[in-house]
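# Okay, predicted coordinates and the sequence, questions at the end:
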Amino acid sequence: MELEFDVRIDAGVLYDYMLRHTYSSGAGILGSAVGALGVVAFFLSGYPLYLILGLLILLYQPAALYLRAKRQALNPVFKQPLHYRMDQEGVFVSQGETEQFQRWADMYKAVSTGRSLILYTSKVNACIFPRKDLGEKQADVIAAISRHMAPEKVQIRM
């Protein structure tokens, strides 16, 4: 079965992806824990410096990711929609005259957020499928991913 759809990547979609990617990594979790410990230390000790440092650590990462997403969304590649085609062999992505292909066997993992399905092609690169762009094809996309990837690589929720 072949499945085709178009997606548009904007700053909101990129920010959602960056938040998921960052806060599911060890560094993101550690940073949040350190920031939270700073806030807890303030309540235990009363030293305002702990609160300031804790809040800075907790708020810096999301703010920096938001600014990075806004800047990255200005990239000309995101001005036009990306066309995806999924078949038995893998995933084709095209834009204008350029087309790339990734085999299902080479996919790293598939995850979801409330706003997107994310198909990682490596530890740091991914195809992002905004749910709003998938519409009624969302269930078919999830089924295709689940059919062609090993179950331990698929962590998608409806």
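Arrived safely.

# Domain-wise, how is the protein divided?
Listed domain ranges for the chain are 3-9+76-155, 13-72 (source: automatic domain parsing).

# Would you reformat those as a markdown table and include mean neighbour count and mean pLDDT?
C-beta coordinates here come from the backbone N, C-alpha and C atoms, glycine included. Below are those laid out as a markdown table (neighbours: other CB atoms under 10 Å; pLDDT from 0 to 100):
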| stretch | mean neighbour count | mean pLDDT |
| --- | --- | --- |
| domain 3-9+76-155 | 15 | 93 |
| domain 13-72 | 15 | 92 |
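
# got a list of contacts for the single longest helix found in the chain?
In the chain, assigned by DSSP state H, the helix with the most residues is helix 48-72. Defining contact as CB atoms under 8 Å, 6 or more residues apart in numbering, one finds that helix 48-72 is touched by 11-12, 14-15, 18-19, 22, 28, 31-32, 34-42, 78.

# Please flag which of these sit within helices.
Short answer: the contacts of helix 48-72 in helices (DSSP H) are 11-12, 14-15, 18-19, 22, 28, 31-32, 34-42.

# Not counting sequence-adjacent ones, nearest residue to the most centrally placed residue in the chain?
For the chain, the residue nearest the mean C-alpha position is Tyr17 (2.4 Å; CA atoms, centre = their mean). Nearest in space to Tyr17, with sequence neighbours left out and distances taken as CB to CB, 6 or more residues apart in numbering, is Ile128 at 5.2 Å.
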